[in-house]
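> return atomic coordinates for the entry below.
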Amino acid sequence: MVMKLGVDACLMADHPRGMGQYARTLVEPVSTACLGLLPNHMSMSTLPYMNKGIGIGPVWEQFFWPLMAESSQVTHLLSPYNTAPLLGLKKITKILVVHDLIFMKSFSELGRSPSLYQNFGRLYRRVVVPRAAKNADVLITVSEFSKKEIVEKLKIGSDRVHVIPNSLGEVWFETEGGFVGFDERKPYILTVSGEAPSKNLKGLLEAFSYFVNCSGDVATELRIVGVRAPVRSGLWEHANRLGISRKVRFEGFLEERDLAKLYREARAFVFPSLYEGFGIPLLEAMASGTPVICSNASAMPEVVGDAALLIDPRNPGDIAKRISELLSDRDKWLDFAKKGVERVKGYRREAVRRKIVHFWEQLL
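Numbers count the residues shown, from 1 in each chain. As a prediction, this is how the structure comes out:
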């Protein structure tokens, strides 16, 4: 069978991260058979593409995208960002990537985002994803944890769900064979996050306050990457109430190489998220030789194995204790740094590419 693969390329253009980078990596082995489908105002250089319709997410996805797929006579359609068209496409093989089911959590469980757009997105996915998953011929997800949730919560047969993890490109492995030691690093701990309530940044600020007060450490800073400027004010206010605002720094947008440098110079990486279908920053930290402290919840233990200190993300005291433990014990610090460097090799892009090639060979 000769495949012509139509793919929603909306997040794949420019310098993608997260789901956009995952989609790029997923289609790379079959790129010669790919056609990017985009709204009128978008373009891309990595794939041939066609445009149609306005770029308002749900409107384009449910109406213009299926029209483009049928008119371009694709044989397969890849929906790489959890959602997909619900109508039409009966003669097309539908491939859906479901990264996680966080949108199934109620607002009472994980809270509302300060972004109305994000709150609407959660509600939209809550309606669309279960239906799209049942319509799909093949599903892909990023961890065994997410596969288990999809099978149990969406009532999907296990044999229909393929696990292909996230991966890292070569820029993250440029210092392979060695990493910056503790004494050569700068006095800060790092988190790479976002403003969604599930990221638990207020909990991290409380934990950092406990750490500062209990350890007497006056030098160590907390640096936060990934929070947009309009959303920072609430976190600043929280840091002020805790008396630590002078020791907290928000970083602006960073290119990948600058972000990698920030990881490599940090003394520890802390990731107290309440829920992750995977957790790409965990890979970035391990590849940088930066010891990881992360939540004992959802997919995170699966990703880090024995290469991280696990914490209860809802217990700021536990997080503070682990930070202090790691920064005060050089042998433990070095042990977790080395374990992380070894663990992340399995997530190197070339290693994951073999799984992707196998997936496409099986499908065809």
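> list the contacts for E174?
A260 (CB atoms under 8 Å, 6 or more residues apart in numbering). (Glycine included, C-beta is placed from N, CA and C.)
> tell me which helix or strand the residue lying closest to S158 once chain neighbours are set aside sits in.
Excluding the flanking residues, the one nearest S158 by CB to CB, 6 or more residues apart in numbering is V151, at 5.1 Å. Using DSSP states H and E, V151 maps to helix 144-153.
> beyond that helix, next helix or strand please.
On the C-terminal side of helix 144-153, the closest following helix or strand by DSSP H and E is strand 161-163.
> name every strand pairing with that next one and say which way it goes.
Using DSSP bridges, the strands paired with strand 161-163 in its sheet are strand 138-141 (parallel).
> rewinding a little: residues making contact with the helix holding V151?
By CB under 8 Å, 6+ apart, helix 144-153 touches 98-101, 104, 133, 139, 141, 156-158, 161, 163, 277-278, 298-299, 302.
> what is the neighbour count of the residue nearest to S158?
The number of residues packed near V151 is 17, by other CB atoms under 10 Å.
> flag every buried residue along the helix holding V151.
F145, S146, K147, E149, I150, V151 (16 or more other CB atoms under 10 Å).
> L310 versus the third one, what's the distance?
I take that to be K147. Using CB to CB, to the nearest Å, we find K147 at a distance of 21 Å from L310.
> F336: which of the buried residues of helix 144-153 is nearest?
F145 (21.7 Å; CB to CB).
> and the strands in the stretch 201-350 of the chain?
221-225, 248-251, 268-271, 292-295, 308-311 (DSSP state E, counting those that start in this stretch).
> of those strands, flag the one that's most buried.
Of these, the one with the most neighbours on average (mean count of other CB atoms under 10 Å) is strand 292-295, at a mean of 27.
> quick one: contacts of that one?
Taking contacts as CB under 8 Å, 6+ apart, the residues outside strand 292-295 that touch it are 200, 268-274, 276, 279, 282, 285-286, 300, 304, 307-313, 319, 322-323, 326, 336, 340.
> again, 6 Å this time
Under the criterion CB atoms under 6 Å, 6 or more residues apart in numbering, residues 269-273, 285, 300, 304, 308-309, 311, 313, 322, 340 lie in contact with strand 292-295.
> now for this protein, the helix or strand with the poorest mean pLDDT.
helix 107-110 (a mean of 82; mean pLDDT, DSSP states H and E).
> what number of residues are in the vicinity of V30?
Neighbours around V30, by other CB under 10 Å: 20.
> same question for R353.
Residues near R353, counting by other CB under 10 Å, number 16.
> quick one, helices of the chain?
Along the chain, counting by DSSP state H, helices occupy 19-27, 57-59, 65-71, 107-110, 116-135, 144-153, 201-215, 232-242, 256-265, 280-287, 300-304, 316-328, 330-343, 349-363.
> which stretch in those helices is the model least sure about?
Mean pLDDT is lowest for helix 107-110 among those, at a mean of 82.
> tell me how far that one lies from the chain's centre.
20 Å (CA atoms, centre = their mean, to the nearest Å).
> again, but for stretch 101-108
The chain centroid and the centroid of stretch 101-108 are separated by 17 Å under CA atoms, centre = their mean.
> list the buried residues in that stretch.
Neighbour-count burial for stretch 101-108 [16+ other CB under 10 Å]: L101, I102, F103, K105.
> picking that back up, closest to V2 out of the helices of the chain?
Among these, the nearest to V2 by CB to CB is helix 349-363 (13.0 Å).
> now that closest one against helix 19-27, angle please.
Computed with axes from the mean of the first three to the mean of the last three CA atoms, to 10 degrees, the direction of helix 349-363 lies at 60 degrees from that of helix 19-27.
> ok, and what's touching helix 349-363?
Here helix 349-363 has contacts from L26, P29, V30, H162, I164, S167, G169, using CB under 6 Å, 6+ apart.
> just the buried residues of stretch 101-108 now: which is nearest G121?
F103 (7.5 Å).
> these two touch, right, the closest one and V127?
No: using CB atoms under 6 Å, F103 makes no contact with V127, being 9.4 Å away.
> distance of the residue nearest to L310 when sequence neighbours are not counted from Q21?
Once flanking residues are discounted, L310 sits nearest to N296: 4.1 Å by CB to CB, 6+ apart. N296 sits 27 Å away from Q21, taking CB to CB as the criterion.
> please say which of the two ends up with more neighbours.
When N296 and Q21 are compared for neighbours, Q21 comes out ahead with 20 against 13, by other CB under 10 Å.
> against V27, how distant is the more buried one?
11 Å.
> what does A33 give?
Taken as CB to CB, the span from A33 to V27 is 9 Å.
> who has more neighbours, these two?
Neighbours per residue, other CB under 10 Å: of A33 and V27, the larger number sits with V27, 22 against 16.
> what about the closest residue in space to the more buried one that isn't next to it in sequence, neighbour count?
Counting by CB to CB, 6+ apart, V27 lies nearest to C34, which is 5.2 Å off, once chain neighbours are set aside. Residue crowding around C34 was assessed by other CB under 10 Å; the count is 22.
> widest-spaced pair of the contacts of strand 292-295?
Going by CB to CB, the pair spanning the contacts of strand 292-295 furthest: P313 and G340, at 19.2 Å.
> thanks a lot, catch you later.
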